[in-house]
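A.B. asks: Coordinates for the following, if possible.
(one chain, ligands or ions: 1)
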Amino acid sequence: MFIDTHCHLTDEYDGGVDAIIKHAHDNNVGALICATAEGVDIKPAIKISETHNNIFITAGIHPDYIDLNPYDFLTDDVLNNPHVVGVGEIGLDYHYNPQTRNKQIDLFEKQLDIAHKHKLPVAIHTREAEEDTANILTDKYNGVMHCFTSSWDLAKIMLDRGFYFSASGILTFKNSESVRETFSKIPIDRIVIETDSPYCAPVPYRGKTCEPAMVIETAKVLAQIKNLQIDELETILFENTKQLYPKINLL
Ligand SMILES: [Zn+2]
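C.D. replies: From the prediction side, this is the model:
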């Protein structure tokens, strides 16, 4: 099976979350890791994971929500839940909000500390913040650079620190030559795939609402880049995901 390692399950989907999960499972996307971002989305995500097979959670606060206190949301109770396999998405985003840099760094460092104490991997969001990301994300931590579109320079640094890299639907976009180039250089045992749904639908679904079943399209392009058969890639990505998120317990 394929695993969508980073999606956002929202009720905005036609037919609701149940239909989205069934559609994924029917298309050999047998497990989903649901990322949280807003604090208040953590409890509902855990509820979904407890009432469906093979749904897991990364719990974290995205840099858009700098006014939240992570200790209110990333409690021992949440992080000890067997379905919560990591902390994320967390990180830095200076594209829309460069003026909140200091608060973003504070929120990021607090959540890294929480993850470290709980020995959980982190799912990192980084956009136009490469220098700070590289300075803060030392090899004390482990995890994945989610929806990775940053430079090869940052990739090299984070490879040395043992991080994984997640390819999203952006890998399939016509104008993403540089992203494909970067993924051609990242060793295959450090790659996982995701949709980041409901955003970033891959080719040939661009303009539609993205859903986890579409992760197959990213897998197809990655297989071409790495010169692998799709079923070979499926096995490798499955093992990589289990290495990245050791708490995953698939049915
Ligand atoms: Zn996301």
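
A.B. asks: tally of neighbours for the residue lying closest to residue 185 once chain neighbours are set aside?
C.D. replies: Counting by Cβ to Cβ, 6 or more residues apart in numbering, residue 152 is the residue found nearest to residue 185 once chain neighbours are left out, at 6.4 Å. Placement of C-beta: from N, CA and C, glycine included. Residue 152 has 13 neighbouring residues, counting by other Cβ atoms under 10 Å.

A.B. asks: start at 6 instead
C.D. replies: Got it, the first residue is 6 from now on, which makes the last one we talked about residue 157.

A.B. asks: my guess is residue 157 meets residue 188, correct?
C.D. replies: No. Assessed by Cβ atoms under 8 Å, residue 157 is found out of contact with residue 188, at 10.0 Å.

A.B. asks: okay, the residue nearest to residue 190: pLDDT?
C.D. replies: Listed pLDDT for residue 157 reads 97.

A.B. asks: Over to the one 4 residues further on?
C.D. replies: Per-residue confidence for residue 161 comes out at a pLDDT of 98.

A.B. asks: Make sure it is indeed in a strand.
C.D. replies: No. Residue 161 is assigned helix when assessed by DSSP: H, G, I helix; E, B strand; the rest coil, not a strand.

A.B. asks: now it: how far from residue 150?
C.D. replies: 12 Å (Cβ to Cβ, to the nearest Å).

A.B. asks: which one of the two has more residues nearby?
C.D. replies: residue 150 (25 against 14).

A.B. asks: what about that one, distance to residue 225?
C.D. replies: For residue 150 relative to residue 225 (Cβ to Cβ), the value is 21 Å.

A.B. asks: Next: residue 55.
C.D. replies: Distance from residue 55 to residue 225, by Cβ to Cβ: 32 Å.

A.B. asks: before we move on, what about residue 151?
C.D. replies: 20 Å.

A.B. asks: of these two, who's got more company?
C.D. replies: Under the criterion of other Cβ under 10 Å, the comparison of residue 151 against residue 225 puts residue 151 first, with 27 against 15.

A.B. asks: For that one, list the residues it contacts.
C.D. replies: Listed by Cβ atoms under 8 Å, 6 or more residues apart in numbering, the contact set of residue 151 reads 10-11, 40, 93-94, 128-130, 171, 173, 199, 201.
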